[in-house]
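Participant: Dropping a prediction and its sequence here:
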Amino acid sequence: MLNYTAQYNSLMDYRTVTFNWLPRAKTQWQTYTDTRKEAAHLWNDLVMRHARIRRLNWTWPTKGRWEQWGKRRYPNLHSQSVQQIIGEFCEAVNATRQLRKNGHTEASYPFRLSRYHDVVYTNQAAHMVEGDGHRLLVLPNGKAGRLKVRVPDHVKLPGRLMEIRLSYGKLSLVCELPDKPTFAQTTIGVDLGVNTLLCATDGQVAVVISGREAKASVQWRNKRLASLVSKQSQHERGSRRYKRLQKRKYKLLDKASNRIHDLIHKSTRKVKDAFPQAQVYVGKPFNEAARKIGRVWAQQVSSASNAKLIAQLDYKTAGAIQVSEAYSSQTCPVCGERRKCRRTYVCKHCGYTAPRDVVGAVNILRMGQQGSLQNSAVVPTRIVYIHPTKVSRSYPSSSGGHPASSSDGVSPTRIPHL
């Protein structure tokens with residue numbers, strides 16, 4: 001007879017719901033046993049290989065290499081479960097290494113070998129099925145089969161199901177709680193671009209993030225894609241060679257998409273770290289205006305992933321509000337003089353000099369706060385240049401806003417007094 005109890009443990013933005021469960025049918029017992037033994041097999045292999053690598057003083061491989069090593073090696077586990085167990089082992093090794101560096105010599109690496117081990121499932125593998133007045137949790141286990149767990153009626157999921165842990169006699173469901181409303185601590189303006197991926201400022205400090213790598217990734221993708229399409233056109237549709245080229249094309253597109261997604265994530269994360277809990281005013285994408293300029297420029301602007309940048313900013317900050325950016329990069333924020341410039345804006349009327357993206361971000365911030373372009377002598381006095389994946393440079397600004405030629409000794413990865 002099944003005995004169900006519910007236990008709730010709240011930690012940060014996640015909550016764990018635990019209830020007792022054991023399989024009843026013979027086939028379910030066999031699947032239950034095989035998958036827990038396979039998980040122990042994987043864990044024991046990692047323990048023995050870790051001991052051998054430390055004994056030989058070799059470099060510990062990365063998590064990605066271990067995941068590549070574990071592919072199709074453990075047939076009685078789902079691929080996501082294999083990755084989760086490898087991730088837990090790598091986290092245990094890294095935590096022990098850090099403790100030993102801090103002087104805790106008593107900390108020991110994983111060394112015990114076990115016959116059974118907990119199985120971890122992600123929400124990409126496991127899924128919930130509702131019907132006939134009850135909820136059924138389906139847990140895939142590779143060739144060992146699937147486990148079907150009936151969730152008790154009194155167990156309520158407080159949020160989105162993220163992870164399931166199968167232990168002996170109990171099942172733990174990790175749920176993500178709904179996002180709590182965030183309150184803005186500051187307000188920033190963000191100007192999107194191509195060579196400069198984005199520029200953010202709160203009126204005192206400006207953060208300029210390079211977009212050269214993203215632009216190069218898009219150009220590389222377009223050139224390789226054009227080459228593959230040209231080769232495909234020389235073969236009959238549906239032939240073996242045509243299918244191979246089609247597979248290469250899909251692989252190319254996935255690789256380029258992952259590159260750009262990674263750059264967008266890292267860039268918006270740097271803005272979040274520089275201006276925590278900030279309300280963002282961002283310029284609307286200017287695709288229509290770029291089409292009037294020329295074909296090459298229109299292609300670059302349309303490939304800049306502005307919509308993804310805005311979505312990430314809205315997700316990681318206190319919210320992103322789109323405002324019109326008409327003439328924001330051509331108008332002097334000090335005197336209101338309008339003129340076209342290249343990468344550096346130079347006002348012939350008042351002498352204000354600053355990167356064009358900084359001028360655009362300042363004007364967008366004022367349009368978001370005041371509803372229109374307003375003149376003011378208060379402009380950013382510090383400009384920080386950041387590359388999404390490399391070490392950044394920090395420069396102080398002169399009175400006009402143009403970056404000076406020497407560093408001020410402040411760490412380039414942090415912006416003080418924000």
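Facilitator: Done, it's in. Numbering: from 1, shown residues only.

Participant: Can you give me the buried ones in stretch 193-206?
Facilitator: By 16 or more other Cβ atoms under 10 Å, the buried positions in stretch 193-206 come out as 193-194, 196-203, 205-206. Quick note: C-beta positions are derived from backbone N, CA and C, even for glycine.

Participant: Now the terminal residues of it, how far apart.
Facilitator: The separation between the terminal residues of stretch 193-206, taken as Cα to Cα, to the nearest Å, is 15 Å.

Participant: try stretch 189-205
Facilitator: Between the start and the finish of stretch 189-205 there is a gap of 11 Å, counting by Cα to Cα.

Participant: nearest residue to the residue nearest to the spatial centre of the chain other than its sequence neighbours?
Facilitator: Of all residues in the chain, the one closest to the mean position by Cα atoms, centre = their mean is His265, 4.7 Å from it. If the residues on either side of it in the chain are set aside, His265 comes closest to Gln312, at 6.7 Å by Cβ to Cβ, 6 or more residues apart in numbering.

Participant: tell me, how many neighbours does that neighbour end up with?
Facilitator: If you count neighbours by other Cβ atoms under 10 Å, Gln312 ends up with 20.

Participant: Next, give me the two most distant ones among the buried residues of stretch 193-206.
Facilitator: Of all pairs drawn from the buried residues of stretch 193-206, the one with the largest separation by Cβ to Cβ is Val194 and Gly203; the distance is 24.4 Å.

Participant: So Ile86 belongs to a strand, correct?
Facilitator: No. When classified by DSSP: H, G, I helix; E, B strand; the rest coil, Ile86 is found to be helix rather than part of a strand.

Participant: measure it to Asp262 for me?
Facilitator: For Ile86, the distance to Asp262 equals 21 Å [Cβ to Cβ, to the nearest Å].

Participant: Counting neighbours, go ahead and name the busier of those two.
Facilitator: Between Ile86 and Asp262, Ile86 has the larger neighbour count (other Cβ under 10 Å), namely 20 against 15.

Participant: and the spatially closest residue to the more buried one that is not a sequence neighbour, how many neighbours?
Facilitator: Take Ile86 and drop its neighbours on the chain: the residue closest to it by Cβ to Cβ, 6+ apart is Trp66, 4.8 Å away. In terms of burial, Trp66 registers 19 neighbours under the definition other Cβ under 10 Å.

Participant: what's the helix or strand harbouring Trp66 packed up against?
Facilitator: With secondary structure defined by DSSP states H and E, Trp66 is part of helix 63-69. Helices and strands in packing contact with helix 63-69 are listed as helix 79-101; criterion 3 or more Cβ pairs under 8 Å, 6 or more residues apart in numbering; DSSP states H and E.

Participant: Apply 10 Å and report the result again.
Facilitator: helix 26-55, helix 79-101 (3 or more Cβ pairs under 10 Å, 6 or more residues apart in numbering; DSSP states H and E).

Participant: need the helices for the stretch 301-418 of the chain, in chain order.
Facilitator: 306-316, 356-370 (DSSP state H, counting those that start in this stretch).

Participant: Which of these sits closest to Arg248?
Facilitator: Proximity to Arg248, assessed across the helices of the stretch 301-418 of the chain by Cβ to Cβ, is greatest for helix 306-316 (24.8 Å).

Participant: Pull the distance from the closest one to the chain's centre.
Facilitator: Distance, stretch centre to chain centre, for helix 306-316: 11 Å (Cα atoms, centre = their mean, to the nearest Å).

Participant: related to what we said a few turns ago, do you know which of the helices of the stretch 301-418 of the chain lies nearest Leu171?
Facilitator: When the helices of the stretch 301-418 of the chain are compared for distance to Leu171 using Cβ to Cβ, the nearest one is helix 306-316, at 30.9 Å.

Participant: Mind listing residues that contact the closest one?
Facilitator: Here helix 306-316 makes contact (Cβ atoms under 10 Å, 6 or more residues apart in numbering) with 179, 188, 190, 192-194, 197-198, 200, 211, 214, 260-261, 263-265, 267-269, 271-273, 276, 278, 280, 282-287, 305, 319-322.
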